[in-house]
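**Student:** sequence first, then the predicted structure, then my questions.
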Amino acid sequence: MSKDLARKDAFAARKVAHAADDGAATRALTAALEPFAGKVLAGYWPIRTEPDPRPAMVAHGGPLCLPVVMGQGQPLVFHRWSPETEMIEGAYGAHVPANGEEIIPEVLIVPLLAFDALGYRLGYGGGFYDRTLEGLRARGPVTAIGFAFAAQEVPQVPTEPTDQPLDMIVTEAGVRRF
């Protein structure tokens with residue numbers, strides 16, 4: 001299956017799961033983050049029908065940051081964030097901190113359209129997280145946590161050599177480590 005067709009199917013599955021969400025995915029994420037207390041945590045500002053990681057981020061108890069797209073073909077950078085941070089609209093409709101103090105995350109909550117049992121994720125097609133994870137992993141240990149609904153699991157994500165696997169996935173059904 002092509003990535004474009006897989007994305008179309010994944011959007012539809014996520015939309016249905018998002019409409020039925022009672023907060024269980026966020027509760028599972030909050031619990032999954034407990035072992036990482038104090039580490040620099042990158043989340044994301046949800047767009048479309050992405051599950052909202054912000055309540056789990058606020059409960060984290062460590063430094064927080066959000067991704068900022070710097071340009072096509074570039075890795076993401078991360079700017080410090082708190083619930084009080086002034087936000088502006090960034091690339092692709094995601095909100096980003098208005099004044100960016102760059103920090104480097106140790107743990108990343110990664111949005112996705114679909115995931116598989118091998119820990120691969122299907123993103124939106126820009127390659128931002130793949131480039132970012134490759135660069136962060138070259139520097140040292142980093143944990144990539146996919147955050148999704150269980151309905152977003154597919155038998156196999158179409159992959160390319162540059163795709164970076166997740167270390168774990170959190171859904172309303174629980175946590176899976178890869």
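**Tutor:** In hand now; what should we look at?

**Student:** burial of residue 47, as a residue count?
**Tutor:** A count of nearby residues for residue 47, using other CB atoms under 10 Å, gives 12. C-beta: built from backbone N, CA, C; applies to glycine.

**Student:** my guess is it meets residue 96, correct?
**Tutor:** No. Using CB atoms under 8 Å, residue 47 is not in contact with residue 96; the gap is 11.6 Å.

**Student:** what strand or helix carries residue 130?
**Tutor:** Assigned by DSSP states H and E, residue 130 falls within helix 128-139.

**Student:** spatially, which residue comes closest to residue 124, not counting chain neighbours?
**Tutor:** Among residues not flanking residue 124 along the chain, residue 113 sits closest, at 6.9 Å (CB to CB, 6 or more residues apart in numbering).

**Student:** nope, residue 98 is what I was after
**Tutor:** residue 86 (4.2 Å).

**Student:** what sits against the residue nearest in space to the middle of the chain?
**Tutor:** Residue closest to the mean C-alpha point of the chain, counted by CA atoms, centre = their mean, is residue 110 at 1.4 Å. Residue 110 makes contact with 44, 121, 129, 144, 145, 146, 147, 166, according to CB atoms under 8 Å, 6 or more residues apart in numbering.

**Student:** using JSON lines, please lay out these together with secondary structure and pLDDT.
**Tutor:** Supplementary listing: the contacts of residue 110 in JSON lines, determined by DSSP: H, G, I helix; E, B strand; the rest coil; pLDDT from 0 to 100:
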{"residue": "44", "secondary structure": "coil", "pLDDT": "96"}
{"residue": "121", "secondary structure": "strand", "pLDDT": "96"}
{"residue": "129", "secondary structure": "helix", "pLDDT": "96"}
{"residue": "144", "secondary structure": "strand", "pLDDT": "98"}
{"residue": "145", "secondary structure": "strand", "pLDDT": "98"}
{"residue": "146", "secondary structure": "strand", "pLDDT": "98"}
{"residue": "147", "secondary structure": "strand", "pLDDT": "98"}
{"residue": "166", "secondary structure": "coil", "pLDDT": "98"}
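
**Student:** JSON lines for the residues you listed, including neighbour count and distance to residue 12?
**Tutor:** Below are the contacts of residue 110 laid out as JSON lines (neighbours: other CB atoms under 10 Å; distance: CB to CB, whole Å):
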{"residue": "44", "neighbour count": "21", "distance to residue 12": "21"}
{"residue": "121", "neighbour count": "25", "distance to residue 12": "17"}
{"residue": "129", "neighbour count": "24", "distance to residue 12": "22"}
{"residue": "144", "neighbour count": "24", "distance to residue 12": "25"}
{"residue": "145", "neighbour count": "24", "distance to residue 12": "24"}
{"residue": "146", "neighbour count": "26", "distance to residue 12": "19"}
{"residue": "147", "neighbour count": "29", "distance to residue 12": "19"}
{"residue": "166", "neighbour count": "26", "distance to residue 12": "22"}
